[in-house]
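> 3D model of this:
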Amino acid sequence: MLSAWLDSGAMAQSDIVISEKDEVRRGEVAGRYGVAQTETVAAATAGSRVVVLAVKPQDSEPVLGELAGALEAGATLVSIAAGLTIAYIRDKVGAAPTVVRVMPNMAAQVRASVSAFSVDAGEKSAARERVVDLLSAFGQTVEVDEGLMNIVTAVSGSGPAYFFLMVEALEEAGVIGGLDRATASMLARETLWGAAKVLQETGRRAGELREAVSSPGGTTLAALREFERSGFDDMMRAAVEAASKRAGELAR
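Have a look, this model is predicted:
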């Protein structure tokens, strides 16, 4: 995220102060990006308009405790800590900041994330504008009701793994069919990339594109019928439901 913000101009090096409990890690990140560092959360957030909570959920409580009372009215606290509800964060930090909960995904590392966000009470319009500017530096954004965050997590937060699994299976099928591993891997990977690019750049619905490539009596239709016989749609719905349920169980 830091790399995307600096490269895009969304932030300047002089805008950023990081706080990290691991002194070695803190020094590495500060040195790599040329930004200021500090050991304490309070020092990092003093006078800040936007504070990004980028910690693992299990490490959040002491950090939120340090943020309590340190954030000024009008500040925006952006949390990418999975499972932490706005109510939980609000209870820990107090009434001053606007709280924004964000669910990005791992594609942020290649500037192709889709990030869903929910905005709490406060200076909503200002917070929304700030957050969209920041999230847009590494992908697309969409605002959702916080009550939908569990299903967002299941669809897009965990979603990359579903496609990776499909590529693994397609690669393996190619190897079983006689292709060498490198060729099967390249064909599977680039086919996924190409299909995603067609979806994105044409703006056509996935169902429409599927029909366009499925000639009557052809190879694609034969494969799709096998997916249907195997209950592919039901399997996908069950997988997303399981991920959504687990997200709810982990929420605080």
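> in the stretch 151-252 of the chain, which spans are helices?
Along the stretch 151-252 of the chain, the stretches classed as helices by DSSP state H, counting those that start in this stretch are 159-176, 181-202, 206-213, 219-229, 232-250.
> For the most centrally placed residue in the chain, list the residues it contacts.
For the chain, P104 is the residue whose C-alpha lies nearest the centre (C-alpha atoms, centre = their mean; 1.6 Å). Applying C-beta atoms under 8 Å, 6 or more residues apart in numbering, we find P104 in contact with I80, S113, V114, S115, L135, F138, G139, G157. Every residue, glycine included, has its C-beta placed from N, CA and C.
> still on that earlier bit, take the helices of the stretch 151-252 of the chain and write them to JSON lines, including mean neighbour count, mean pLDDT and distance to D145.
Converted to JSON lines, the helices of the stretch 151-252 of the chain look like this (neighbours: other C-beta atoms under 10 Å; pLDDT from 0 to 100; distance: least, C-beta to C-beta, whole Å):
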{"stretch": "helix 159-176", "mean neighbour count": "14", "mean pLDDT": "98", "distance to D145": "19"}
{"stretch": "helix 181-202", "mean neighbour count": "13", "mean pLDDT": "97", "distance to D145": "25"}
{"stretch": "helix 206-213", "mean neighbour count": "11", "mean pLDDT": "96", "distance to D145": "24"}
{"stretch": "helix 219-229", "mean neighbour count": "11", "mean pLDDT": "96", "distance to D145": "32"}
{"stretch": "helix 232-250", "mean neighbour count": "13", "mean pLDDT": "95", "distance to D145": "14"}
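> any chance of these in CSV, plus distance to A68?
Putting those into CSV (distance: least, C-beta to C-beta, whole Å) gives the following:
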stretch, distance to A68
helix 159-176, 34
helix 181-202, 42
helix 206-213, 45
helix 219-229, 51
helix 232-250, 23
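> For T45, which of those helices is the nearest?
For T45, the closest of the helices of the stretch 151-252 of the chain is helix 232-250, at 26.2 Å, according to C-beta to C-beta.
> who are the neighbours of the closest one, in terms of helices and strands?
Packing partners of helix 232-250 (3 or more C-beta pairs under 8 Å, 6 or more residues apart in numbering; DSSP states H and E): helix 149-152.
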